[in-house]
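Peer 1: Sequence first, predicted coordinates after that:
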Amino acid sequence: MEKNSKIYIAGHRGMVGSAIYRELQREGFNNLITKTSKELDLRNQEGVASFFAEEKPEYVFLAAAKVGGIIANDTYRAEFLYDNLQIQNNIIHNSYLTGVKKLMFLGSSCIYPKMAPQPLKEEYLLTGPLESTNEFYAIAKIAGIKMCDAYRDQYGCNFISVMPTNLYGYNDNYHPQNSHVLPALIRRFHEAKEQGLPNVTIWGSGSPLREFLFADDLAEACVYLMQDYNEPGLINVGTGKDISIKELAQLVKGIVGFEGDILFDTSKPDGTPRKLMDVTKLHSKGWTHKIELTEGIALAYQDFLSKTSVYNTN
Ligand SMILES: NC(=O)C1=CN([C@@H]2O[C@H](COP(=O)(O)OP(=O)(O)OC[C@H]3O[C@@H](n4cnc5c(N)ncnc54)[C@H](OP(=O)(O)O)[C@@H]3O)[C@@H](O)[C@H]2O)C=CC1
Ligand SMILES: C[C@H]1O[C@H](OP(=O)(O)OP(=O)(O)OC[C@H]2O[C@@H](n3cnc4c(=O)[nH]c(N)nc43)[C@H](O)[C@@H]2O)[C@@H](O)[C@@H](O)C1=O
């Protein structure tokens, strides 16, 4: 990418898209184009076709998607499948039609089979059944990887697929039910501290293991890979370290400064027992994460505190 290359960041107001936008700006890229979902609904085939035909971006980061935590994925199954297929089909196909030089598709670690060996190697894709709570989201993401590969094989498009682990960071979604675990816990412990509650309840048994990457680290990896990585298939992006949900809750409790007890609601789903990325391929390309979990949670909590007036209305 040249500093003046025309780069479209789809989903630039989201947690990941906004981090990619900031990283590109930091690196001096000066021709960035964006559209909010109000300005352009990416599910709309004609709208996306007109946008690409008019703007003709040279590079595309596909960070727009219907995203949410375990309950949102399980509840809005049709939307997670339909919205994500529409968004990615429209963007990938029109990138081909208008001659985009390179596109990055963002998937997720939930594409791997529920009981895959750990850590998750890229070659474990499509080797077993998926976790049911996020099956429809995962099917859409797997279709996205295969779209990129099919367009590479048939048309020679340089479309790459990056699989991030569970993410958190600035501009996260703090919705009480629909968010991912880390923002949910930051909010719940904070509100319990403010209200002087004796305990906080977290979902499931606390035993699932998850790996967490700060979104700014992911953005750095994305911009890095967009410049140097040109392979079919997929590449994992993570830290290679995981933690149980119970330990995570204790960590967030300490950072937020809540002093009560932690209870477990085992009527809520645990989801996949473990999702630890194998990051050997990523490290071999020369990139490693920088922000460790304790530091990242403190940064995310500061961001949450600076926006509590917004979250209080949601
Ligand atoms: N968060 C996580 O833990 C993980 C995320 N990922 C992947 O990273 C990517 C970004 O996720 P994240 O930043 O967390 O998600 P967010 O929900 O924070 O942001 C998603 C963005 O997508 C845009 N969007 C959604 N629907 C539409 C639509 N119909 N038309 C146009 N734009 C739309 C939204 O735009 P607007 O704001 O304008 O409405 C929003 O800014 C996704 O592909 C996700 O699957 C992968 C692994 C983990
Ligand atoms: C990134 C990935 O994220 C999703 O999968 P997930 O890893 O299961 O996501 P999660 O962050 O929602 O939960 C992680 C764990 O944490 C537990 N947990 C405890 N207490 C809360 C809680 O309060 N909220 C939430 N959400 N989870 C909680 C929860 O029960 C589970 O055991 C995919 O659907 C899909 O979106 C995807 O790709």
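Peer 2: Done, it's in. Ligands and ions are numbered 1, 2, ... in the order given.
Peer 1: Closest approach to ligand 1 from this structure, which residue is it?
Peer 2: Gly14 (2.0 Å; Cβ to the nearest ligand atom). Every C-beta, even on glycine, is put in place using the N, C-alpha and C of the backbone.
Peer 1: Let me know the pLDDT of the nearest residue to that residue once chain neighbours are set aside.
Peer 2: Leaving aside its sequence neighbours, Gly14 sits nearest to Ala63 (Cβ to Cβ, 6 or more residues apart in numbering; 6.2 Å). Per-residue pLDDT puts Ala63 at 98.
Peer 1: if we can go back for a sec, who are the neighbours in contact with the residue of the chain closest to ligand 1?
Peer 2: 63-64, 67, 171 (Cβ atoms under 8 Å, 6 or more residues apart in numbering).
Peer 1: ranking these by neighbours, who comes first?
Peer 2: Ala63 (28 neighbours; other Cβ atoms under 10 Å).
Peer 1: Give me the phi and psi for the closest residue to Val100 other than its chain neighbours.
Peer 2: Nearest non-adjacent residue to Val100, counting by Cβ to Cβ, 6+ apart: Val60, 5.4 Å away. The phi and psi values for Val60, taken as degrees, to the nearest 10, are phi -130, psi 130.
Peer 1: looking at it, Val60 is touching Ala10, isn't it?
Peer 2: Yes. Here Val60 reaches Ala10: they are 6.8 Å apart, a contact under Cβ atoms under 8 Å.
Peer 1: Can you check which residues contact both of those two?
Peer 2: Ile91.
Peer 1: what's the burial count for Asn73?
Peer 2: Neighbours of Asn73 using other Cβ under 10 Å come to 26.
Peer 1: gap between it and ligand 2?
Peer 2: Separation of Asn73 from ligand 2 (Cβ to the nearest ligand atom, to the nearest Å) stands at 4 Å.
Peer 1: Would you mind listing the buried residues in the helix or strand that residue falls within?
Peer 2: Secondary structure assignment for Asn73, by DSSP states H and E: helix 70-75. Neighbour-count burial for helix 70-75 flags 70-74 (criterion: 16 or more other Cβ atoms under 10 Å).
Peer 1: same deal with stretch 271-285?
Peer 2: Buried-residue list, stretch 271-285, by 16+ other Cβ under 10 Å: 271-272, 274-279, 281-282.
Peer 1: what's the answer for stretch 241-250, then?
Peer 2: Here stretch 241-250 shows 241-243, 245-246, 248-249 as buried, counting by 16+ other Cβ under 10 Å.
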